[in-house]
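S.K.: Provided below are the primary sequence and the corresponding predicted coordinates.
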Amino acid sequence: MTELPAPRPVDPLRLLLSLGAAIVSITLIFAAVGYLFREPLLAFARWFVGELGGVGVALGFFIPDAFTVPLPNDAFSALGLAGGLPFVEVVAWSTGGSLAGGSVGFLIGRRLSLTGWYKRVMADRGAQVKVLIERHGSVGIALAALTPLPYSLASWAAGTSSLSYLRFLLISAPFRALRVGSVLWLINVGLWAIQP
């Protein structure tokens with residue numbers, strides 16, 4: 001069996017540049033969406049909040065942050081805000097859903113790290129994040145919680161590390177809240193910046 005090459009470590013400068021690009025992109029995308037689709041978006045957001053409320057926002061973060069599925073979790077916080085939930089409430093539901101998802105991801109890492117499935121997923125998509133957590137521990141968790149790195153994969157990797165669950169949660173909580181709140185603020189700026 002041939003051994004895969006070692007993954008490249010995450011470059012902090014590149015990570016910061018991608019964070020900056022993500023900030024600009026999020027603002028511009030939501031400005032365009034807010035301009036082009038304001039009424040249908042607001043109608044759908046009101047329906048979403050009326051039917052699912054904050055629990056729907058939390059689920060929108062829980063699923064991708066636990067199971068590494070390509071679901072745009074920030075869109076759920078945007079729906080909550082546009083649907084009439086207060087900013088702080090949306091941040092609380094989003095952060096809670098993200099931390100619950102990260103906790104499940106941590107458990108996946110703890111319980112399933114020796115399975116072939118886990119090894120394939122981490123070799124394909126999580127190799128760099130795994131190296132980051134292995135090399136930098138708590139700082140790696142903080143970076144993954146704050147930046148565009150996949151938080152689910154970082155949670156899985158943290159579950160295989162020597163970090164305790166409590167330490168993982170205490171590091172993740174403030175950085176996820178900061179990330180969720182700042183991205184939601186940018187979404188809000190984008191949605192309402194250009195009035196049709």
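M.R.: Everything's here; your move.
S.K.: Report the mean per-residue pLDDT for stretch 77-94.
M.R.: Stretch 77-94 shows an average pLDDT of 94 in the prediction.
S.K.: Now do it: distance from first to last residue.
M.R.: The first and final residues of stretch 77-94 sit 6 Å from each other (C-alpha to C-alpha, to the nearest Å).
S.K.: what sits up against that stretch?
M.R.: Residues from elsewhere that reach stretch 77-94 (C-beta atoms under 8 Å, 6 or more residues apart in numbering): 30, 41-42, 44-50, 53-58, 60-61, 73, 76, 177, 180-181, 183-185, 187-188, 191. C-beta coordinates here come from the backbone N, C-alpha and C atoms, glycine included.
S.K.: Now it: buried residues?
M.R.: For stretch 77-94, the neighbour count (16 or more other C-beta atoms under 10 Å) marks 77-83, 85, 90-94 as buried.
S.K.: Now, the contacts of stretch 77-94 that are in helices?
M.R.: 30, 41-42, 44-50, 53-58, 60-61, 73, 76, 177, 180-181, 183-185, 187-188, 191 (DSSP state H).
S.K.: For ChimeraX, what selects the buried ones among those residues?
M.R.: Command for ChimeraX that selects the buried part of the ones in helices among the contacts of stretch 77-94, burial taken from 16+ other C-beta under 10 Å:
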select :30,41,42,45,48,49,53,54,56,57,58,60,61,73,76,177,180,181,183,184,187,188,191
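S.K.: Pull the number of nearby residues for Thr115.
M.R.: When neighbours are defined as other C-beta atoms under 10 Å, Thr115 has 11 of them.
S.K.: Apologies, that question was intended for Leu170.
M.R.: Leu170 is flanked by 12 other residues according to other C-beta under 10 Å.
S.K.: Check the one 5 residues further on too.
M.R.: Residues near Phe175, counting by other C-beta under 10 Å, number 18.
S.K.: my guess is it meets Gly140, correct?
M.R.: No: counting by C-beta atoms under 8 Å, Phe175 does not reach Gly140; the two are 11.3 Å apart.
S.K.: Quick check: closest non-adjacent residue to Arg111.
M.R.: Once flanking residues are discounted, Arg111 sits nearest to Gly159: 7.7 Å by C-beta to C-beta, 6 or more residues apart in numbering.
S.K.: so who does the residue nearest the centre of the chain touch?
M.R.: Centroid-nearest residue in the chain: Tyr151, 5.4 Å away (criterion: C-alpha atoms, centre = their mean). By C-beta under 8 Å, 6+ apart, the contact set of Tyr151 is 65, 98, 101-102, 105, 144-145, 172, 176.
S.K.: Just the ones of those residues in helices?
M.R.: Short answer: these in helices (DSSP H) are 65, 98, 101-102, 105, 144-145, 172, 176.
S.K.: Turn the contacts of Tyr151 into TSV, including pLDDT and neighbour count.
M.R.: Formatted as TSV, the contacts of Tyr151 follow (pLDDT from 0 to 100; neighbours: other C-beta atoms under 10 Å):
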residue	pLDDT	neighbour count
Asp65	94	29
Ser98	97	29
Gly101	97	26
Gly102	96	29
Gly105	95	26
Ala144	88	30
Ala145	91	26
Ser172	96	26
Arg176	96	27
